[in-house]
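Asker: Attaching a predicted model along with its sequence, questions to come.
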Amino acid sequence: DCPKVVVPSAVYKHSPDENNNVGSSQGNQQPGGKKRGAKRGKYTAPVSLMNVPPHGCFSAEGDDEENCDVGFIPIYQSMNSNDNQPKQAGQDSCDGDGVIQDIDAWASLWEYSFSALTARGKSKHTVGYKKVEQSLDGPIDHPLLAVDSSSRIVSTNLQEKQKALMLETLFESLSAPAAYIAPSAMLSSFANGRQTSLVVDVGHTGSRVTPVVDGYLLHSGSCKSGRGGMWLGDVQRGVLEGCWKRNGSDIVNKWNGWKGAPPLFDGVIPRYILQSKIEKLKANELEHLKKSPFHSMAVHEVMYEMMTSTSLQSIGISSDTSTPFVGYGSSENNDDVNMEDKNDDDEDADDDGPSYVLPDGTKIDLAQPAGKDLCRLPQLLLSEDLPSWIQPQTSNANDYASNMLPLHKLVHRSLSQILDADLRKELASNIILTGSASLTPGLDKSLSIELGKIFPASYKHKVISSKSTVENRYGAWIGGSILSSLGSFQQLWLSKKEYEENG
């Protein structure tokens, strides 16, 4: 099974002048003249990274650049990134992972889902959902199960506060008769038919390893790494553009693996730039849009499509186990091999070799040294040593290395923190690999090989990874569907009466 409605984790925030107009509409037109969408005050959903945001999302007046604001709100704090702003010292890509930054924006996604599924329609199963007259503010008949995806690096107080806000929204704003908040690692374990497992979640902001024992999270063994989909996308973008952002500054590579200029020397062009509506934007609006999280997410979407493309994946399957991109950059040290010799060996490569075409029509030659390494990009998730141009040349380099462990070292660290030897063996034999960034062929086999090198001979490890893209991407949803259908789970629902009595 798969979700019936999939909504991006972001909403549009309309300017005060447009709030009155937005408040009278519900988004897209629905059959019968009704509106369909999500409206919660000044927020609307769903969003599209392929099109320019609606004009009402820009709060700029005239050419006033100081007051210009793009009304695009990512739901989670970790997605509210801006590639043009430098990170603070010691800041990790996993900081704020799973933390909801705007609870009203989160609730607006529920409202859109209710509207799309006709959740408030009393007779949808008899007359059909298209003919149902449903109230937009009434209660619903279904209990709601929400997923808590926050990591253990988030403080306990912040986690408890977020759960309280989620329950308050589910009961008071969405009028749920009952609710339950489940951790994503537990649901991913249930989705793979395991009550006890070691969940390795390779997500957008990083990788997390969480032991699940009899359906409960063992927080003492939880650990994380900054290697994830966003980090891989940044590396890929740095190779294509010929530079690497370090502390907010562009470090131009002395040798970037391309013959001549890098293919994206002027930057990645996301899909919304190619739309005709971009011409209707004012100069200051377009400038602020390129500095907003909307642009960052749109660029990462293009990078993710290229990273998971079947054309790159088929080329990337090879016996070459060396670290990709070694020798790139302008490092003053000569620790990496000299890649200029490698470039000379490939000068006679066939111009009609394999290639990848980006949405703007730019052709990426995969026969060049950098192109070949781009096909092996996921190997960086398991590489012991990273290329020197990726690592920070600062005093906190050791902290960076400890926070960027490869997957097999991350699994080993998690198991090392569990004192029960029998439990360690059971977890090692039930390692679940999930997350959208794990959708690369051969990653489960490569992880199993690396674990075999560091595990004792008495440990029989097994890496479980679904071959279905839907099961990997929506593992938490599938696990929630399984959990909520169990008869023993029905007593765990928190009813609205219990919430009103105990708070």
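Answerer: Perfect, thanks for sending it.
Asker: Every contact and neighbour count from this point should use C-alpha atoms.
Answerer: OK.
Asker: mind listing the strands for the stretch 301-450 of the chain?
Answerer: Here the stretch 301-450 of the chain has its strands, by DSSP state E, counting those that start in this stretch, at 355-357, 363-365, 431-434.
Asker: most tightly surrounded among these?
Answerer: strand 431-434 (a mean of 26; mean count of other CA atoms under 10 Å).
Asker: Adjacent strands (with direction) for that one?
Answerer: With DSSP bridges as the test, strand 431-434 is paired with strand 197-202 (parallel), strand 463-464 (parallel).
Asker: Is D141 in a helix, a strand, or coil?
Answerer: coil (DSSP: H, G, I helix; E, B strand; the rest coil).
Asker: Could I get the strands paired with strand 431-434 in a markdown table, plus columns for distance to N80, mean pLDDT and mean neighbour count?
Answerer: A markdown table is the format used below for the strands paired with strand 431-434 (distance: least, CA to CA, whole Å; pLDDT from 0 to 100; neighbours: other CA atoms under 10 Å):
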| stretch | distance to N80 | mean pLDDT | mean neighbour count |
| --- | --- | --- | --- |
| strand 197-202 | 19 | 95 | 28 |
| strand 463-464 | 32 | 94 | 20 |
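Asker: so which of the ones you listed gets nearest E287?
Answerer: Of all the strands paired with strand 431-434, it is strand 197-202 that lies closest to E287, at 32.9 Å by CA to CA.
Asker: is it possible to export the strands paired with strand 431-434 to TSV including distance to M230?
Answerer: Output for these, formatted as TSV (distance: least, CA to CA, whole Å):
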stretch	distance to M230
strand 197-202	10
strand 463-464	23
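Asker: Ok, which of those strands comes nearest R376?
Answerer: strand 197-202 (16.8 Å).
Asker: Figure out how far the next helix or strand after that closest one is from the centre of its chain.
Answerer: With elements assigned by DSSP states H and E, the helix or strand that comes after strand 197-202 is strand 207-213. Its chain's average C-alpha position is 17 Å from that of strand 207-213, according to CA atoms, centre = their mean, to the nearest Å.
Asker: name the helices or strands packed onto the next helix or strand after strand 207-213?
Answerer: With elements assigned by DSSP H and E, the helix or strand that comes after strand 207-213 is strand 216-217. Judged by 3 or more CA pairs under 8 Å, 6 or more residues apart in numbering; DSSP states H and E, strand 216-217 is in contact with helix 184-191.
Asker: and the helix it packs on with strand 197-202, angle?
Answerer: Angle, helix 184-191 to strand 197-202, by axes from the mean of the first three to the mean of the last three CA atoms, to 10 degrees: 120 degrees.
Asker: and helix 184-191, what does it pack onto?
Answerer: strand 197-202, strand 207-213, strand 216-217, helix 475-485.
Asker: ok, 7 Å please
Answerer: Packing contacts for helix 184-191, counted by 3 or more CA pairs under 7 Å, 6 or more residues apart in numbering; DSSP states H and E, involve strand 197-202, helix 475-485.
Asker: taking the mean pLDDT, what do you get for that helix?
Answerer: Across helix 184-191, pLDDT averages out at 94.
Asker: Just the CA atoms of that helix, as CSV, please.
Answerer: This file holds the C-alpha atoms of helix 184-191, laid out as CSV (Å, rounded to 0.1, in the frame of the first residue of the first chain):
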residue,chain,number,x,y,z
SER,A,184,9.6,7.3,13.1
ALA,A,185,12.3,4.6,13.9
MET,A,186,9.7,2.4,15.6
LEU,A,187,7.3,2.7,12.6
SER,A,188,10.1,1.9,10.1
SER,A,189,10.9,-1.2,12.1
PHE,A,190,7.2,-2.3,12.0
ALA,A,191,7.1,-1.6,8.3
